[in-house]
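structure, please.
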Amino acid sequence: MAIGRLQSLDPSTIVGGQPLGSNWCEVLVQVVVERDEHLIRPYVPLQTIADSIGAPIAWPTKLVCFSFSNFQIMLIVNISYVCLIR
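Numbering: from 1, shown residues only. Down below sits the predicted model:
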């Protein structure tokens with residue numbers, strides 16, 4: 001689990017050297033809760049949620065739940081969805 005900010009929903013946005021593609025979003029991780037969880041789409045040097053603090057990562061939008069209260073996102077791993085508190 002991590003907390004961060006939604007950066008992009010544009011499928012052409014490049015994250016980790018490749019376009020997001022449809023049904024993916026770019027997020028900027030700010031706080032990590034589950035440090036050892038592996039990223040769904042890792043790239044060098046980012047392999048775990050802890051590695052991604054302050055860095056953009058790609059995350060499937062189907063694993064994201066949006067909240068528009070404070071422009072933050074919450075990524076929940078090891079569950080069937082991720083919460084983006086936006």
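
every contact and neighbour count from this point should use C-alpha atoms.
Will do.

for this protein, give me the ranges with low pLDDT.
Along the chain, segments meeting pLDDT under 70 span 65-86.

the longest strand along it: which residues count as buried?
Longest strand of the chain, by residue count under DSSP state E: strand 24-32. Within strand 24-32, the residues that count as buried by 16 or more other Cα atoms under 10 Å are Trp24, Cys25, Glu26, Val27, Leu28, Val29, Gln30, Val31, Val32.

export it to CSV, keeping only CA atoms.
Taking Å, rounded to 0.1, in the frame of the first residue of the first chain, the C-alpha atoms of strand 24-32 are listed here in CSV:
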residue,chain,number,x,y,z
TRP,A,24,-3.1,2.4,-16.9
CYS,A,25,-2.3,5.6,-15.0
GLU,A,26,0.9,7.3,-13.9
VAL,A,27,1.2,7.9,-10.2
LEU,A,28,3.8,9.6,-8.0
VAL,A,29,4.4,7.7,-4.8
GLN,A,30,4.8,9.8,-1.7
VAL,A,31,4.3,7.5,1.3
VAL,A,32,4.8,3.8,1.4
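
out of the buried residues of strand 24-32, who's nearest Ala2?
Closest to Ala2 out of the buried residues of strand 24-32 is Val32 (4.2 Å), distances taken as Cα to Cα.

one step back: need the buried residues of strand 24-32 in CSV with distance to Thr48, can you?
Output for these, formatted as CSV (distance: Cα to Cα, whole Å):
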residue, distance to Thr48
Trp24, 18
Cys25, 17
Glu26, 16
Val27, 14
Leu28, 14
Val29, 11
Gln30, 14
Val31, 13
Val32, 10
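
ok, these vs Leu6, which is closest?
Val27 (4.6 Å).

that closest one reaches Pro60, doesn't it?
No. Using Cα atoms under 8 Å, Val27 makes no contact with Pro60, being 10.1 Å away.

just the helices in the chain please.
Counting by DSSP state H, the chain has no helices to list.

one step back: what pairs with the longest strand of the chain, parallel or antiparallel?
Sheet pairing of strand 24-32 (DSSP bridges) gives strand 2-8 (antiparallel), strand 56-60 (antiparallel).

so which of those is the most packed in?
With neighbours defined as mean count of other Cα atoms under 10 Å, those peak in mean count at strand 56-60, which reaches a mean of 22.
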